[in-house]
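>>> just the structure for this:
(one chain, ligands or ions: 1)
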Amino acid sequence: MNDIGNVDYEGLIPNNVDLAHDTRVKHALERWHPGYLDWWNDMGPEGFQEKLVYLRTAVSVDPKGWAKFDYVRMPEYKWGILLAPQVPDRKIGFGAHKGEPAWQEVPGEYRAMLRRLIVIQGDTEPASVEQQRFLGKTAPSLYDMRNLFQVNVEEGRHLWAMVYLLQKYFGADGREEAEELLQRRSGDPDTPRMLGAFNEKTPDWLSFFMFTYFTDRDGKMQLEALARSGFDPLSRTCRFMLTEEAHHMFVGETGVGRIVERTCQAMAEAGVADPHDVARVRKLGVIDLPTLQKKANLHFSLTLDLFGSEISTNAANAFHAGLKGRFREERIDDDHVLERGTYPVLRLKDHKIVNEDVPALSGLNMRLRDDYVTDCNIGVSRWNAVIDRYGVKFKIKLPHVAFHRHIGEFAAVHADADGNILADAEWEKRRDEFLPSAGDRAFIESLMQPQYEPAKFAGWIAPPKVGIDNKPGDFEYVKIA
Ligand code: BYC
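So this is what the prediction gives:
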């Protein structure tokens, strides 16, 4: 067996967890493997499974040199099981068990809670692949197509990561959950994925970039929280997943940024000064900024639902038990037990949105969501800097957290993007001001024509500043011929 930094590529399943000497888990995973491949072939990127794609594969967990790039057919991608190196003498950093040695086995009293967290995390990974499976057919460039497939294979690997934990630590019920992860389907009325946003469609590339910007960022926040887990194998698994996740958010941020850039550029070239003159902007074959704002409203609000209710006993219990921490827990200056403090939570009281201090333990979903919103705003400022650079009078703005919600405090009301509560009839009348209308969707769809020639890009998106793996502009990221 290699040291932990390097991956054992000898067997069917690349890994750094010494599978070769763990025959029970090895056999369980080998039995799961064909079902996974069937799922990938059925639900993975449609029409491109036989193409050679320039992908990065994790070959180590050393942060300085963990990946290698090469042409691969996706079904032959090396989906491995990779855990970040064990931190010697790691202690649980929060909750009732703070200061005790991190668990190397599942603590009996928390088994069900831990399994649920792992299953929910696992369920999102294949769901996103299912949601994105048709996008290759309308890729705006080979560069973007390659990035889509990179994200897809890594989400596949993240499913492997959760399935490993289920198979290794949860016996028969873990095996059953691992099977069910391959049975549920995004958007299926009978067997849907577990969380709302993962049953929505990703019908076009703007949606894909918004999804990777907003929803993958929920992934980052949740993985950051689980990376603090007192259950050490989960912590180590999530720590390595975060290494890969950074690229997914890069794809989202730069994808939206390149669309903004191209729109502003086309407006400048044509002398269109008013960003709200949607008809004139659309005639240029680019996506107008108001529609982009509506897409951001949609994806941001759907993603906020993934944080659960603002006030949650599930979240309190998971923290208290030492299973799920806060974003960058170790950098927070408090007692990390939270039995006394409070946290301000936005609530709906008498049809008004008010701030209320609740016990800190109960407000943990809200706190993680607040950290998420702060993180989201960083990229939004970068998009606005592009708009400013072109002198266009428009600012992309995240909608109020009460806008378009289906989970938590605000699920019961309608609010506009500024957080003003609207009567149902008013909301119905004005919905298309805030969310993409059928006409907006049809316009975006009309732009989704594939561009498969190296070095070329669809007219509604600017080329990236640099290539993947420093490749030149005309590099053939996917061999289509
Ligand atoms: N949809 O106490 P509550 C990613 C349920 S994304 C449907 O408010 P809790 C990725 C909840 O299950 C990150 N149901 O919430 C991104 C509970 O039901 P039960 C994924 C929902 O439990 C892009 C009830 O409502 N990882 O990785 O504190 C591409 C009351 O729950 C929803 C995780 O989410 C919903 N949105 O928080 C690829 C981490 N929200 O049990 C990948 C693991 C709540 O009473 N999961 N409910 O029947 C968790 O930490 C928590 O379970 C949640 C919810 C944050 C999801």
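
>>> tell me which parts of the stretch 151-300 of the chain are close to the ligand?
155, 195-196, 215-216, 218-219, 222 (CB under 6 Å from any ligand atom). The way it works is simple: take the backbone N, C-alpha and C, and place the C-beta from them, glycine included.

>>> and those residues, which two are furthest apart?
Using CB to CB, those span at most 17.8 Å, a distance reached by Glu155 and Gly196.

>>> these two: which has the busier surroundings?
Taking other CB atoms under 10 Å, Glu155 and Gly196 do not tie; Glu155 has more neighbours (25 against 14).

>>> mind checking how far the residue lying closest to that one once chain neighbours are set aside is from the ligand?
Closest residue in space to Glu155, ignoring its immediate chain neighbours: Glu125 at 4.6 Å, by CB to CB, 6 or more residues apart in numbering. Distance, Glu125 to the ligand, by CB to the nearest ligand atom, to the nearest Å: 5 Å.

>>> cool, and Lys352?
The gap separating Lys352 from the ligand is 22 Å, by CB to the nearest ligand atom.

>>> next: Ile407.
Distance, Ile407 to the ligand, by CB to the nearest ligand atom: 5 Å.

>>> give the contact list for that residue.
Ile407 sits next to 196, 305, 307-309 when contact means CB atoms under 8 Å, 6 or more residues apart in numbering.

>>> which SS state does it fall under?
What DSSP: H, G, I helix; E, B strand; the rest coil gives for Ile407 is coil.

>>> repeat for Val53
Val53 ends up strand, using three-state DSSP.

>>> check it and give its pLDDT.
pLDDT, Val53: 98.

>>> ok, it touching Asp70?
No - using CB atoms under 8 Å, Val53 makes no contact with Asp70, being 9.7 Å away.

>>> so those two - more neighbours on which side?
Each of Val53 and Asp70 has its neighbours counted (other CB under 10 Å); Val53 has more, 25 against 11.

>>> so what's that one up against?
Counting by CB under 8 Å, 6+ apart, the residues that Val53 touches are 71-74, 145-146, 149-150, 477-479.

>>> number of residues surrounding the residue of the stretch 301-450 of the chain found nearest the ligand?
For the stretch 301-450 of the chain, the residue closest to the ligand is Gly308, as judged by CB to the nearest ligand atom, at 2.6 Å. For Gly308, the neighbour count with other CB under 10 Å is 19.

>>> excluding its backbone neighbours, what's nearest it?
Gly308 sits nearest to Asn365 (CB to CB, 6+ apart), 4.6 Å away.

>>> the one you found touches Ser312, doesn't it?
Yes - judged on CB under 8 Å, Asn365 makes contact with Ser312 at a distance of 4.8 Å.

>>> show me the strands in this protein, by range?
For the chain, the strands defined by DSSP state E cover 52-58, 67-73, 342-349, 352-359, 414-415, 421-422, 478-479.

>>> ok, now which ones touch Leu422?
413-416, 430.

>>> filter those to the buried ones?
413-416 (16 or more other CB atoms under 10 Å).

>>> tally of neighbours for the residue nearest to Gln293 when sequence neighbours are not counted?
Distance criterion CB to CB, 6+ apart; nearest residue to Gln293, sequence neighbours excluded, is Ile396 at 5.7 Å. By the criterion of other CB under 10 Å, Ile396 has 19 neighbours.

>>> where does pLDDT dip in the stretch 51-200 of the chain?
Residues of the stretch 51-200 of the chain meeting the criterion pLDDT under 70: none.

>>> measure how buried Gly65 is and give me the count.
The burial count for Gly65: 9, using other CB under 10 Å.

>>> likewise for Trp39?
By other CB under 10 Å, the residues close to Trp39 number 19.

>>> what sits against it?
Trp39 neighbours (CB under 8 Å, 6+ apart): 126, 182.

>>> what about it, distance to Pro203?
Noted for Trp39: a distance of 22 Å to Pro203, by CB to CB, to the nearest Å.

>>> and Pro192, what is it in contact with?
184-186, 199.

>>> Throw those residues into CSV and include neighbour count, thanks.
Putting the contacts of Pro192 into CSV (neighbours: other CB atoms under 10 Å) gives the following:
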residue, neighbour count
Arg184, 18
Arg185, 18
Ser186, 24
Asn199, 19
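
>>> make CSV out of the residues you listed and add distance to His248.
Listed next are the contacts of Pro192 as CSV, based on distance: CB to CB, whole Å:
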residue, distance to His248
Arg184, 21
Arg185, 22
Ser186, 17
Asn199, 19
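
>>> ok, those residues vs the ligand, which is closest?
Of the contacts of Pro192, the one sitting nearest to the ligand (CB to the nearest ligand atom) turns out to be Asn199, at 8.9 Å.

>>> from Thr191, how far out is the closest one?
For Asn199, the distance to Thr191 - CB to CB - is 11 Å.

>>> repeat that for Arg217.
Applying CB to CB to Arg217 and Thr191 gives a distance of 27 Å.

>>> which of these two has more residues huddled nearby?
The neighbour comparison of Arg217 against Thr191 (other CB under 10 Å) goes to Arg217, with 23 against 10.

>>> please name the nearest non-neighbouring residue to the more buried one.
The nearest residue in space to Arg217 (CB to CB, 6+ apart) is Met249, at 5.7 Å.

>>> find the nearest non-adjacent residue to the residue nearest to the spatial centre of the chain, please.
Most central in the chain under CA atoms, centre = their mean is Asp216, positioned 1.6 Å from the mean C-alpha point. In space, and not counting its chain neighbours, Asp216 is closest to His248: 4.3 Å by CB to CB, 6+ apart.

>>> tell me the pLDDT of that neighbour.
So His248 comes in at 96 (pLDDT).

>>> quick one: contacts for it?
151, 154, 212, 216, 219.

>>> which of those sits closest to Asn297?
Of these, the one sitting nearest to Asn297 (CB to CB) turns out to be Thr212, at 16.8 Å.

>>> turn the contacts of Ile407 into CSV, columns for distance to Met113.
Output for the contacts of Ile407, formatted as CSV (distance: CB to CB, whole Å):
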residue, distance to Met113
Gly196, 21
Asp305, 21
Phe307, 17
Gly308, 14
Ser309, 16
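
>>> where along the chain do the helices fall?
23-43, 111-131, 142-169, 171-183, 205-210, 216-227, 232-270, 278-283, 289-304, 313-320, 364-389, 424-434, 438-447 (DSSP state H).

>>> neighbours of Asp424, how many?
Asp424: 9 neighbours (other CB under 10 Å).

>>> who's Tyr71 bridged to?
Tyr54 (DSSP bridges).

>>> please report the distance of it from the ligand.
25 Å.

>>> more neighbours, Asn365 and Ser312?
Taking other CB under 10 Å, Asn365 and Ser312 do not tie; Asn365 has more neighbours (23 against 19).

>>> so what's the more buried one up against?
Asn365 neighbours (CB under 8 Å, 6+ apart): 307-312, 315, 408.

>>> same check, this time on Gly341
Applying CB under 8 Å, 6+ apart to Gly341 gives the contacts 334-335, 359-360.
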